[in-house]
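Asker: Sharing a sequence plus its predicted fold:
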Amino acid sequence: MATNKHAAQNSQGIQTLLEAEKDAAKIVQQSRQYRLQRLKDARLEASREIDEYRQAKEAEFRSFEASHAGVTSNAQTAVDKETSVKLRGITDAYEANKDMVVKKLLDRVLLIKPELHRNLKRAGGAESQ
């Protein structure tokens with residue numbers, strides 16, 4: 001009987017150990033699930049924060065672009081005005097001076113002074129001496 005009692009106690013001790021092992025496995029499994037859920041939650045939160053940051057930066061860029069678009073158009077208007085003034089000045093100078101330039105060109109082209117070439121003069125001067 002002593003062995004039966006001892007065997008029963010061993011059996012009960014083994015059973016207690018098996019139950020404790022099952023409980024430990026459940027706790028480990030719950031910890032894994034909890035950790036996985038926390039990782040998923042962290043990913044979702046990070047994704048939300050990234051989207052919010054992206055939207056804020058896009059709004060900031062649109063605001064910056066809108067505020068500087070007027071400056072660009074004003075600069076373009078100023079450049080266009082300056083270009084038209086300079087072009088008008090060049091056109092006026094052309095109109096005012098074109099007749100005089102044509103006359104000077106024609107005078108130069110039509111001005112003929114017949115004279116002997118300088119080498120010919122030297123050769124002729126050497127023979128007379």
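Answerer: Yep, it's here.

Asker: how far away is the residue nearest to the spatial centre of the chain from Ser67?
Answerer: Central residue of the chain (CA atoms, centre = their mean): Phe61, 12.6 Å from the mean position. Here Phe61 is placed at a distance of 11 Å from Ser67 (CB to CB, to the nearest Å). From N, CA and C alone the C-beta is placed, and that goes for glycine too.

Asker: And Asp99, by the same measure?
Answerer: Asp99 sits 52 Å away from Ser67, going by CB to CB.

Asker: Need the single longest helix in this structure, by residues.
Answerer: Ranked by number of residues, the top helix in the chain under DSSP state H is helix 2-110.

Asker: any idea how far that helix is from the chain center?
Answerer: Taking CA atoms, centre = their mean, to the nearest Å, the mean C-alpha location of helix 2-110 is offset from the chain mean by 12 Å.

Asker: Got the phi and psi for Leu116?
Answerer: The phi and psi torsions at Leu116 (degrees, to the nearest 10) take the values phi -80, psi 150.

Asker: residue ranges with poor pLDDT in this structure?
Answerer: 1-3, 121-129 (pLDDT under 70).

Asker: make it 50
Answerer: 128-129 (pLDDT under 50).

Asker: Now do the shared contacts for Phe61 and Ser67.
Answerer: Taking CB atoms under 8 Å, 6 or more residues apart in numbering as the contact rule, Phe61 and Ser67 have no neighbour in common.

Asker: List the buried residues for stretch 24-44?
Answerer: For stretch 24-44, a neighbour-count test (16 or more other CB atoms under 10 Å) marks nothing as buried.

Asker: Output it in PDB with nothing but the alpha carbons.
Answerer: Output in PDB follows, covering the C-alpha atoms of stretch 24-44 (Å, rounded to 0.1, in the frame of the first residue of the first chain):
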ATOM      1  CA  ALA A  24       2.900  28.300 -18.600                       C
ATOM      2  CA  ALA A  25       2.300  27.500 -22.300                       C
ATOM      3  CA  LYS A  26      -1.000  29.400 -22.200                       C
ATOM      4  CA  ILE A  27       0.800  32.400 -20.500                       C
ATOM      5  CA  VAL A  28       3.500  32.300 -23.100                       C
ATOM      6  CA  GLN A  29       1.000  32.100 -26.000                       C
ATOM      7  CA  GLN A  30      -1.000  35.000 -24.500                       C
ATOM      8  CA  SER A  31       2.200  37.000 -24.200                       C
ATOM      9  CA  ARG A  32       3.000  36.300 -27.800                       C
ATOM     10  CA  GLN A  33      -0.400  37.400 -28.900                       C
ATOM     11  CA  TYR A  34      -0.200  40.500 -26.800                       C
ATOM     12  CA  ARG A  35       3.200  41.400 -28.200                       C
ATOM     13  CA  LEU A  36       1.900  40.800 -31.800                       C
ATOM     14  CA  GLN A  37      -1.100  43.000 -31.100                       C
ATOM     15  CA  ARG A  38       1.100  45.700 -29.700                       C
ATOM     16  CA  LEU A  39       3.300  45.600 -32.800                       C
ATOM     17  CA  LYS A  40       0.200  45.900 -35.100                       C
ATOM     18  CA  ASP A  41      -1.100  48.800 -33.000                       C
ATOM     19  CA  ALA A  42       2.300  50.500 -33.200                       C
ATOM     20  CA  ARG A  43       2.400  50.100 -37.000                       C
ATOM     21  CA  LEU A  44      -1.100  51.500 -37.300                       C
END
